[in-house]
Structures are given as structure tokens and as C-alpha cells.
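Visitor: Build me a model:
(one chain, ligands or ions: 2)
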Amino acid sequence: MFIKNIEIGEIFIPLARPFKTALRTVNNVEDIVIKIETDTGLTGFGEAPPTAVITGDTKGSIVTAVRDFITPAIVGMELDNLDGIFRKLNSCIVKNTSAKAAVDMAIYDLYAKQHNTPLYKLLGGNKNLIETDITISVNPIPEMVADSLDAVDHGFNILKIKVGKEGLKDVERIQAIREAVGPEIKIRVDANQGWNAKQSVQIITAMEDKGLNIELVEQPVTAHDFKGMQYVTSHVTTPILADESVFSAEDAINLIQNGGADLINIKLMKTGGIYNALKICDIAEIYGVECMIGCMLESKLSVSAAAHLAAAKGVITKADLDGPSLCKIDPFTGGPLYEENLIRMNETPGIGIEKVPGFNE
Ligand SMILES: C[C@H](N)C(=O)N[C@H](CCC(=O)O)C(=O)O
Ligand SMILES: [Mg+2]
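Guide: Ligands and ions are numbered 1, 2, ... in the order given. I've put the predicted structure just below:
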């Protein structure tokens with residue numbers, strides 16, 4: 001069975017509410033989707049969001065990478081030569097990790113379908129239920145408190161609070177939310193690179209002194225500031241999670257060996273897909289570092305690929321896979337079940353998404 005062609009489409013899904021971080025505000029999921037077909041008619045699907053402020057990828061660059069570089073590199077290759085396909089995918093163009101992720105997940109989808117197995121079982125089959133957090137956008141404090149209470153009402157036990165735009169005022173934000181939701185709800189804080197190293201220590205220490213019981217702080221400083229990550233990690237007791245600082249296995253090794261983080265956030269859109277994400281899982285396992293699986297502003301297709309990886313690997317102990325919960329509608333058929341805070345894997349072969357809008361059957 002060989003790869004016959006790659007079709008490129010686009011999806012548009014309105015968000016239930018604007019998504020706001022220290023880096024950007026977004027109102028809709030507007031992602032590139034791809035369909036890979038084999039000579040036997042088997043199809044695999046993938047999705048790539050244009051998260052320009054984090055990965056550098058735009059809709060135009062994703063389409064160009066898939067159409068002009070990846071397609072000529074892998075069309076005609078035998079699906080059984082999985083390793084050869086991924087080596088070609090990763091060497092035919094540098095960077096462009098979101099385009100690579102879309103193709104990588106479609107290939108894994110096909111491979112698991114060919115073997116009539118759900119992808120998570122093929123990758124390791126560690127668990128079949130995942131608990132995700134939900135993101136609270138950065139807004140005026142009363143709005144964030146109301147959003148947090150609403151999320152708890154809807155069954156979420158873990159909140160990921162976006163901060164990083166107003167320095168020390170973030171302590172008030174988290175204090176107000178903690179007082180409103182009570183002590184049982186887990187609170188994660190994501191600064192999206194919004195603080196500097198000294199400011200991070202001041203803010204996180206203030207949260208510790210107030211007993212706000214923060215589970216972790218994600219990416220306090222600029223992505224390339226590995227020394228800053230090391231400074232923060234060594235000066236606070238709250239665990240520090242590296243997100244934008246870790247795209248590749250090399251980043252993970254560098255950061256871990258230099259004490260630049262306690263935890264690593266793996267996202268398929270940063271690694272270029274599951275093939276490279278598995279390398280980070282192995283490195284983390286070797287060093288005894290736990291991982292979170294995260295997502296960009298993505299819909300159910302690519303988030304489900306990430307869910308399969310999370311379900312497969314024991315080293316992935318935390319999930320930020322709330323993309324589908326942030327969308328107003330679910331335009332897909334099939335896939336894992338999203339039940340508020342829980343993602344339940346099922347027995348459908350591949351990733352499980354059976355129908356993607358924009359492609360003819
Ligand atoms: C959507 C997810 N919960 C999230 O917060 N991801 C962000 C980046 C998302 C984006 O800007 O598209 C993160 O973890 O930094
Ligand atoms: Mg983050």
C-alpha cells in the first residue's frame with residue numbers, strides 16, 4: 001500500500017468566546033486540514049493551526065510546505081516504510097512544524113487503520129481516559145472569576161489561567177480565582193512568556209506566600225531565555241513547565257540538563273508530530289521528568305491525535321487538550337468522546353475521525 005496523494009482543505013469553527021493570552025486574541029479556529037489517500041483508497045486525516053506567534057506558521061506557509069515540499073517527498077512511498085516516511089517528512093524542509101504535524105498524524109492515522117487498531121493502542125496503550133484542564137482567557141478580574149466558576153459548574157476540576165500582561169497584578173487575579181473556586185480545584189498558570197526572570201520569581205513567590213496552591217507555572221519567560229527558565233526554576237518551589245522553550249528533542253535535553261524546567265509541555269504543532277514527540281517522551285522518561293500534552297487553538301481532529309499520544313504514554317501525566325471544548329460547534333464525525341473534562345478513547349481504528357468538513361467522500 002503506497003501514498004497516492006495529499007489533498008489540502010480549510011476549516012472554520014467559531015469559538016464559544018474570544019481566546020486571549022499574553023501573545024494574542026483569537027475568535028475562530030481557522031486551520032488547514034489534509035487528507036492523505038493510498039492506492040487502496042484508505043484515507044488518513046490531519047490538521048494544522050496557523051499559530052504564527054508561537055511556531056511561525058501561517059495558513060500560507062502550511063499550504064506551501066505541504067503542497068510544494070512534503071507532497072513530492074513522500075507521495076509514492078510504501079506505508080509500511082513508516083520510519084522512511086518520517087525521515088523524509090522531517091528532512092524535506094526545516095521548521096514548518098505545524099505542516100509536518102498535520103502530515104505526520106495523517107500517516108499515523110493511516111498506519112493504525114491499516115492495522116485495524118486505535119492509534120493509542122499501537123503507540124503504547126497506557127490508559128483510555130484522560131482528564132483535561134480548561135483555559136481561562138486573560139481578562140479583567142471579575143470576568144475571569146465568572147469564567148472560572150462557569151468552568152467548574154461544567155465539571156472541570158483543573159483550570160489553566162492565562163496571565164502575563166500586567167505583572168504583579170496577576171497575583172490578584174489568581175487570588176480572586178482561588179477564593180472563588182475553593183481549595184479543591186487545581187489551578188495552572190500560563191504566562192505565555194509575559195514576565196522576565198526576576199519578575200517571575202517575585203510573582204510566583206507572592207503566590208506561594210499567599211498559599212494559593214498553584215499546581216504549576218507554564219512558560220514564565222521568553223522562549224529562548226533558557227537561563228531565565230533556569231533562574232526561575234531554581235528560585236521557586238512551584239513546578240515550572242516549559243512550553244514555548246521546547247520544540248525539539250534537542251531543546252528538551254538542553255533544558256532538562258540545565259535545570260530549566262520541572263516539566264515539559266509537548267505539543268504536536270511544536271514537535272512536527274507524533275514521531276518527534278515520542279523522542280521527547282523517551283528523553284523525559286530517562287531523566288524522570290513528567291510531561292503535559294498540550295494543544296494550540298485546534299479543533300477535534302488534531303487534538304484527538306494528541307489525545308492518542310497522551311493515552312499511549314505513561315510519562316504524559318497532565319493534559320491541556322481543551323481545543324474542542326472552546327469551539328462553538330463540533331463539525332466532525334467520530335473520534336474520542338469529549339465529555340466536559342474527560343476524553344474517553346474508543347476502539348475505532350486510527351485516530352477515529354471519520355468525516356472532515358471540506359473533503360468529498
Ligand atoms: C488552547 C490551549 N489550552 C492553550 O492554552 N494553548 C496555548 C497556546 C495556544 C494558542 O495561542 O493557540 C499555550 O499553552 O500556550
Ligand atoms: Mg502554554
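Visitor: what does the stretch 201-350 of the chain have sitting close to ligand 2?
Guide: Neighbours of ligand 2 within the stretch 201-350 of the chain, by Cβ under 5 Å from the ion: 218, 243. Placement of C-beta: from N, CA and C, glycine included.
Visitor: can you tell me the residue of the stretch 201-350 of the chain closest to ligand 2?
Guide: Asp243 (3.6 Å; Cβ to the ion).
Visitor: Check the stretch 1-150 of the chain too.
Guide: The nearest approach of the stretch 1-150 of the chain to ligand 2 comes at Thr21, 7.7 Å away (Cβ to the ion).
Visitor: same thing with the stretch 51-200 of the chain?
Guide: For the stretch 51-200 of the chain, Cβ to the ion, closest residue to ligand 2: Asp190, 4.5 Å.
Visitor: For that residue, give me its contacts.
Guide: By Cβ atoms under 8 Å, 6 or more residues apart in numbering, the contact set of Asp190 is 21, 135, 160-164, 217-219, 243.
Visitor: Could I get those in JSON lines, plus columns for neighbour count and distance to Asp330?
Guide: Shown next, in JSON lines, are the contacts of Asp190 (neighbours: other Cβ atoms under 10 Å; distance: Cβ to Cβ, whole Å):
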{"residue": "Thr21", "neighbour count": "22", "distance to Asp330": "23"}
{"residue": "Thr135", "neighbour count": "25", "distance to Asp330": "18"}
{"residue": "Lys160", "neighbour count": "24", "distance to Asp330": "21"}
{"residue": "Ile161", "neighbour count": "24", "distance to Asp330": "25"}
{"residue": "Lys162", "neighbour count": "24", "distance to Asp330": "23"}
{"residue": "Val163", "neighbour count": "26", "distance to Asp330": "29"}
{"residue": "Gly164", "neighbour count": "24", "distance to Asp330": "30"}
{"residue": "Val217", "neighbour count": "26", "distance to Asp330": "31"}
{"residue": "Glu218", "neighbour count": "27", "distance to Asp330": "26"}
{"residue": "Gln219", "neighbour count": "27", "distance to Asp330": "29"}
{"residue": "Asp243", "neighbour count": "25", "distance to Asp330": "26"}
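Visitor: could those be laid out in JSON lines, adding pLDDT?
Guide: Below are the contacts of Asp190 laid out as JSON lines (pLDDT from 0 to 100):
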{"residue": "Thr21", "pLDDT": "98"}
{"residue": "Thr135", "pLDDT": "98"}
{"residue": "Lys160", "pLDDT": "98"}
{"residue": "Ile161", "pLDDT": "98"}
{"residue": "Lys162", "pLDDT": "98"}
{"residue": "Val163", "pLDDT": "98"}
{"residue": "Gly164", "pLDDT": "98"}
{"residue": "Val217", "pLDDT": "99"}
{"residue": "Glu218", "pLDDT": "98"}
{"residue": "Gln219", "pLDDT": "98"}
{"residue": "Asp243", "pLDDT": "98"}
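Visitor: one step back: what's the residue of the stretch 51-200 of the chain closest to ligand 2 sitting at in phi/psi?
Guide: In terms of degrees, to the nearest 10, the main-chain angles of Asp190 are phi -120, psi 110.
Visitor: Specify the beta-bridge partners of the closest residue in space to it that isn't next to it in sequence.
Guide: Excluding the flanking residues, the one nearest Asp190 by Cβ to Cβ, 6 or more residues apart in numbering is Glu218, at 4.0 Å. Per DSSP bridges, the residues bridged to Glu218 are Asp190, Leu241.
Visitor: What distance do you get for Glu218 to ligand 1?
Guide: For Glu218, the distance to ligand 1 (Cβ to the nearest ligand atom, to the nearest Å) stands at 6 Å.
Visitor: How about Leu326?
Guide: 7 Å.
Visitor: What sits closest to that residue if chain neighbours are left out?
Guide: Leu15 (5.5 Å).
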